[in-house]
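Participant: coordinates for the following, if possible.
(one chain, ligands or ions: 2)
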Amino acid sequence: MTSDDTLREAPANPAGRSSQGGSHPAGASDSYDPRAIQDKWQARWDELDPYKAVEDDADGRERRYALDMFPYPSGDLHMGHAEAFAIGDVIARYWFQKGYNVLHPIGWDSFGLPAENAAIKRNSHPAEWTYTNIDTQAASFQRYAPSFDWSRRLHTSDPEYYKWTQWLFLRFYERGLAYRKGGQVNWCPNDQTVLANEQVVGGHCERCGALVERRVLTQWYFKITEYADRLLDDMAALEGKWPDRVLLMQRNWIGRSTGADVDFVIEGRDVPVTVYTTRPDTLYGATFMVVAADADLAEEICAPEQRAAFEAYRDEVSRESEIERLSTEREKTGVFLGRYAINPVNGERIPVWASDYVLADYGHGAIMAVPAHDQRDLDFALKFGLPVRVVVDTGAADPATTGIATPGDGTIVNSGPIDGLPKAEAIARITEILAEKGLGKAAVNFRLRDWLVSRQRFWGCPIPIIHCEACGEVPVPDDQLPVRLPDDLRGADLAPKGTSPLAAATSWVNVDCPKCGGPARRDTDTMDTFVDSSWYYFRYCSPGYTDGPFDVEQVRKWMPVDQYTGGVEHAILHLLYSRFFTKVLYDMGMVDFTEPFTRLLNQGQVILNGKAMSKSTGNLVDLGQQIAEYGVDVVRLALLFSGPPEDDIDWADVSPQGMAKFLSRVHRIATEVTAPVGADPSTGSAELRRVTHHTIDEATGLIEVRRFNVAISRVMELVNATRRAIDSGPGPADPAVREAAETIAIILSLFAPYTAEESWELLGHPAPVATAGWPSADPTLLVQESVTCVVQIAGKVRDRLEVPPDITDTDLEAQALSSPKIQEALGDRKIRKVIVRAPKIVNIVV
Ligand code: ANZ
Ligand code: ZN
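Facilitator: Ligands and ions are numbered 1, 2, ... in the order given. This is a model prediction of the structure:
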């Protein structure tokens, strides 16, 4: 697809081109040739390098930080990148035009599995695939021309970067926020690695789709749960600035639940068992207890005669995923443990069962079952013939007969001291009673789990810990960082074996213990790549910094990020982890804010014919091909014009041809303007000036609220008005036409930078248009200049007057009566009365 006619721009210039061409600067062409314009300006911009963020305080401009979610280097850029980066670029370019000192960096999230899988397939090193792809993407970016400060480019797989990822790990470790524990983990049998809970979608590996298994393994975790409250509470500051659905997803993921811990004595066991309940008001309705089948407690308290049945059941459960276990659709399963608990408030003896619907790692791994008011408990009770007792009268029919539990509000019954209370009061009262008697207390639980960060794969940041038989876990001393990946492993060496491929690099693994000097081994796991991406935006503030992960002073000046743009697929993981990192850095005294991203924008998806684009189904639009066919500006403009940035874009509905036509009209106007640079617009057409300034005013407001599509349509209207002014109005020599053309170039520089730059040059200005300065609307041109007033004599319209909208009745009457047409129509008839309704009507009664 590189034949020459596909490269030609769509519409050739219509006939009737202006004859001003000869006077234009050398290199600027009269005909609109997007490819030539692109090549020309890409080279010039490389020289001009206009998007550098300035660190020096002598630069007094206010700072702004525009951040795009950095790409993963899988192949070339695609339509999704094109959209996201076009949106982020509008914001950055707007800030450049507004005169801010803008930080708009780019880098690559360059560790990760695909590189490793490619290396295995090609018998090469993951770095080869990774850096080749980065080069390809960087070249495509250069052509796509986002306003990046290229000097800040970083790659998370560079030792200069991951040295600091390791440094941060060690600081987390010192604070007790990085720790190792054994336990059940998610295991992807295909990728041969553990997965974070967040990477398991519907029981399947988020990456390869394989059914995830549970394994017991010792792994590294970050203690994000210690920050659960703050992660939740600090969201208040993001309200209205982050998309609501992202905040909701984060809230649900953190999942704060409030209730009470209640202690139940188990017959024959000294220590009571604590259960967590959100409904302590239903305590009198607890008719049995359920322990998670895979909890140690179940194993411990199981009576001898039930042991065989229990063990068989437990083995069955160990093969189930958490999703399956929590499903309300599945028939309930379980075994009686042969033991009884005593309800602390009424002394009742209730049987203890084991089941899979109770999770071992939530609350205390055991529950009091209240079948009348909890559907899961009711299903279980009905299946195993356990009693159902109503303790909240909700007005609904008896759950035991309907099979429908009644979880709603109502009046407490059959519950001694709390009888007659409504639900909320009963919860408060029974919690007080339990606390007084030392039988329980108010409690909070979170759905959030600690973040499992170790991976048994090669292409990631090595965990900077050494295991010594004598000393145990020993952190690699800071002055020995980075722990570099060994470079002698490649191809088949990297094939998944269930343990990290790093273990095979014996000369790398075997080291002296930094503490005792004895023989020791490096930790062979690498970190989840989400660790790398949790702090890259700090590094951008001082990318070459060698005394720490970032220069604290620079971060203080640039951050928090003013606008973050990226996909909603990162609504939970990346954003939650980044928020967590920021809070830890705050606690370390390294940053003075607790939220990294002040504003967040999630762009929609680019789809085709109503379906997600996909290589395997061939439902695909190739970005490179679109650019080859129409040019960068058309692709950008088409993406931005198709709707609000949050909406999905169906490329089948987009008209690149229409955009190309529009841009050639813009270009043509610039070739036709003959008013000299600096001509005073106030001497030009007031009508066109009003359109120009209305456009400035409205486009500014629309860009502020991210309605780029509407802003573009305002520019289109201005282009039409300018065209009319040239063709059938005051003509190309009118200074107002120049003003309009310059306004078009500047506003358009946000959306179609190449055409804007070429127009700017045609208009006689030096590049770059990107920092020409945002125009401001003249308020006097925004007021509606005149309205039409009808003047009637004896009910017949005799004249129409153009008058100021705020004209007084007296002035209007005088103006109407002095109108020659009215005087003529009046003749010598006598005026009896003049009725004035300023500014619209004057009625003369004769
Ligand atoms: C008695 C009760 C009565 C409950 C009632 C609910 C309704 P959230 O909101 O998710 O925190 N529960 C406690 N620990 C559990 C575990 N490890 N696995 C599964 N379920 C567990 O839910 C808390 C409720 O879920 C608790 O309140 C408990 O059941 C159950 F009418 O206790 B409830
Ligand atoms: Zn040692």
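Participant: okay, now the closest residue to Gly183 other than its chain neighbours: neighbour count?
Facilitator: Excluding its sequence neighbours, the residue lying closest to Gly183 (CB to CB, 6 or more residues apart in numbering) is Val216, at 6.6 Å. All C-beta spots, glycine's among them, are computed from the backbone N, C-alpha and C. The criterion is other CB atoms under 10 Å. On that basis, Val216 has 10 neighbouring residues.
Participant: so Val216 belongs to a strand, correct?
Facilitator: Yes - residue assignment for Val216, taken from DSSP: H, G, I helix; E, B strand; the rest coil, places it within a strand.
Participant: that one and Gln184 touch, don't they?
Facilitator: Yes - applying CB atoms under 8 Å, one finds Val216 in contact with Gln184, separated by 5.7 Å.
Participant: any weak-confidence spans in this structure?
Facilitator: 1-30, 322, 785 (pLDDT under 70).
Participant: who in it is up against ligand 1?
Facilitator: Where proximity means CB under 6 Å from any ligand atom, the interface of the chain facing ligand 1 comprises 257, 259, 276-279, 282, 292, 358-359, 362-363, 365, 367-368, 370, 373-374, 407, 445.
Participant: narrow these to just the buried residues.
Facilitator: For the residues of the chain next to ligand 1, a burial check counting by 16 or more other CB atoms under 10 Å picks out 259, 276-279, 282, 292, 358-359, 362-363, 365, 367-368, 370, 373-374, 407, 445.
Participant: what does the stretch 351-500 of the chain have sitting close to ligand 2?
Facilitator: Taking CB under 5 Å from the ion, the part of the stretch 351-500 of the chain that reaches ligand 2 is made up of Cys468, Ala470, Cys471.
Participant: list buried residues within those.
Facilitator: Buried among these (16+ other CB under 10 Å): Cys468.
Participant: element containing the closest residue to ligand 1 within the stretch 601-750 of the chain, please.
Facilitator: Taking CB to the nearest ligand atom as the measure, the point where the stretch 601-750 of the chain comes nearest ligand 1 is Asn602, at 27.2 Å. Using DSSP states H and E, Asn602 sits within strand 600-603.
Participant: ditto for Phe264
Facilitator: Counting by DSSP H and E, the element that carries Phe264 is strand 256-266.
Participant: quick one, the next helix-or-strand element following that strand and strand 256-266 angle?
Facilitator: Reading on from strand 256-266 to the C-terminus, the next helix or strand found by DSSP H and E is strand 273-277. Regarding strand 273-277 and strand 256-266, their directions subtend 150 degrees when assessed with axes from the mean of the first three to the mean of the last three CA atoms, to 10 degrees.
Participant: and strand 273-277, which strands flank it?
Facilitator: Pairing partners of strand 273-277, with direction, according to DSSP bridges: strand 256-266 (antiparallel).
Participant: what comes into contact with the strand it pairs with?
Facilitator: With contact meaning CB atoms under 8 Å, 6 or more residues apart in numbering, strand 256-266 is reached by 228-229, 232, 272-280, 283, 289, 301, 339-344, 352, 364, 368, 427, 430-431, 434, 439-447.
Participant: among those, which are located in helices?
Facilitator: Ala228, Asp229, Leu232, Ile301, Ile427, Ile430, Thr431, Leu434 (DSSP state H).
Participant: what two of the residues you listed are the furthest from one another?
Facilitator: Leu232 and Ile301 (34.5 Å; CB to CB).
Participant: pick out whichever of those two has more residues nearby.
Facilitator: Ile301 (23 against 17).
Participant: got a list of what that one touches?
Facilitator: The contact partners of Ile301, taken as CB under 8 Å, 6+ apart, are Ile266, Arg269, Val273, Val291, Leu337, Arg339, Val352.
Participant: which parts of this protein sit against ligand 2?
Facilitator: Cys468, Ala470, Cys471, Cys513, Lys515, Cys516, Gly518.
Participant: one more time with 6 Å
Facilitator: Within the chain, the positions adjacent to ligand 2 are Cys468, Ala470, Cys471, Val474, Cys513, Lys515, Cys516, Gly518, Ala520 by CB under 6 Å from the ion.
Participant: which one of the residues you listed is nearest to Glu646?
Facilitator: Of the residues of the chain next to ligand 2, the one sitting nearest to Glu646 (CB to CB) turns out to be Val474, at 49.0 Å.
Participant: excluding its backbone neighbours, what's nearest Leu103?
Facilitator: Excluding the flanking residues, the one nearest Leu103 by CB to CB, 6+ apart is Ala53, at 4.0 Å.
Participant: distance of that neighbour relative to ligand 2?
Facilitator: According to CB to the ion, to the nearest Å, Ala53 and ligand 2 sit 45 Å apart.
Participant: mind checking how far that residue is from Trp41?
Facilitator: If you measure Ala53 against Trp41 using CB to CB, to the nearest Å, the figure is 21 Å.
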